[in-house]
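*Asks:* give me a model of this one.
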Amino acid sequence: MSNEFVERVVGNFITDITDHLFLSIEQDDATMREYMSNVNRVGLEELNRALGLKIKERLHLDHCDENHSPKSRLIKSYTRHSCA
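*Replies:* Numbers count the residues shown, from 1 in each chain. Coordinates of the predicted model:
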């Protein structure tokens, strides 16, 4: 097993974890319905910002840069992260 490979794969996942989170919301019907309900209550930007900040807080991540080409349709851009 290559430790370099393992580090690279996990590092790439963490870097784009915000996009992964929003993709997981899209792929789960019940979560997507709850997401839309919250968007209607608090607004898209506020909800997405809260989700992004919670990822950073819970996983103790630092900001790297912005990605303006997410795979998720729920966001237009996201902050990329690295481990603290």
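
*Asks:* state which helix of this structure is the longest.
*Replies:* If you go by DSSP state H, the chain has its longest helix at helix 44-59.

*Asks:* any residues touching that one, and which ones?
*Replies:* Here helix 44-59 makes contact (C-beta atoms under 8 Å, 6 or more residues apart in numbering) with 14, 17-18, 21-22, 35, 38-39, 42, 61, 63, 74-75, 78-79, 81. For the C-beta atoms, the positions are set from N, CA and C on the backbone; glycine is no exception.

*Asks:* what do you get if the cut-off is 6 Å, keeping everything else the same?
*Replies:* The set of residues that contact helix 44-59 without belonging to it, under C-beta atoms under 6 Å, 6 or more residues apart in numbering, is 17, 18, 38, 39, 75.

*Asks:* just the buried residues of the residues you listed.
*Replies:* Restricting the contacts of helix 44-59 to buried positions leaves 17, 18, 75, with burial counted as 16 or more other C-beta atoms under 10 Å.

*Asks:* secondary structure element for the residue nearest to the last one when sequence neighbours are not counted, which one?
*Replies:* Pointing back at residue 75 there. Residue nearest to residue 75 in three dimensions, not counting chain neighbours: residue 22, with 5.3 Å by C-beta to C-beta, 6 or more residues apart in numbering. Of the helices and strands defined by DSSP states H and E, residue 22 is found in helix 17-27.

*Asks:* can you list contacts of that helix?
*Replies:* Residues lying outside helix 17-27 but in contact with it, judged by C-beta under 6 Å, 6+ apart, are 31, 32, 35, 52, 55, 70, 71, 72, 74, 75, 78.
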